[in-house]
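K.L.:
Need coordinates for the below:
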Amino acid sequence: MTTYVYETIPSKPAEKPRYFEIKQAMNDQPLTKHPETGQPIRRVVLGGFGVLSSGRSSGASPSSGASCCGPACGCH
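P.N.:
This is a model prediction of the structure:
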């Protein structure tokens, strides 16, 4: 089971969203309503853990089709 972060969808512009976590299987569809209150919600996409390397020692180059790693790879 994976823990996902959800936020409430405010019904008024001044209202702040509330954040909470729900455990779901990775292949479950995102929830659209809070399981207890029925309030509209959406899944929050958070940045994941990644490893970036600079320079060409990683085998990444602008022409190799790999993602650019920043100024060190020569594509900026």
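K.L.:
Can you pull out the low-pLDDT segments for this protein?
P.N.:
Counting by pLDDT under 70, the chain contains low-confidence ranges at 52, 54-76.
K.L.:
Do you have the strands of this protein handy? List them.
P.N.:
With DSSP state E as the criterion, the chain has strands at 2-8, 19-24, 41-43.
K.L.:
For stretch 33-45, buried residues please.
P.N.:
Neighbour counts over stretch 33-45 (16 or more other C-beta atoms under 10 Å) mark 34, 41 as buried. C-beta coordinates here come from the backbone N, C-alpha and C atoms, glycine included.
K.L.:
Just the endpoints, please. Distance across that stretch?
P.N.:
17 Å (C-alpha to C-alpha, to the nearest Å).
K.L.:
now what about it, what contacts it?
P.N.:
4-9, 11, 19, 22, 30-32 (C-beta atoms under 8 Å, 6 or more residues apart in numbering).
K.L.:
can you pick the most crowded of the residues you listed?
P.N.:
Taking other C-beta atoms under 10 Å as the neighbour criterion, Tyr6 ranks highest of the contacts of stretch 33-45 with 21 neighbours.
K.L.:
My read is that that one contacts Tyr19, right?
P.N.:
Yes: assessed by C-beta atoms under 8 Å, Tyr6 is found in contact with Tyr19 at 7.2 Å.
K.L.:
residues near Glu21, how many?
P.N.:
So Glu21, with other C-beta under 10 Å, has 10 neighbours.
K.L.:
Now it. Nearest residue, chain neighbours left out?
P.N.:
Once flanking residues are discounted, Glu21 sits nearest to Thr3: 5.0 Å by C-beta to C-beta, 6 or more residues apart in numbering.
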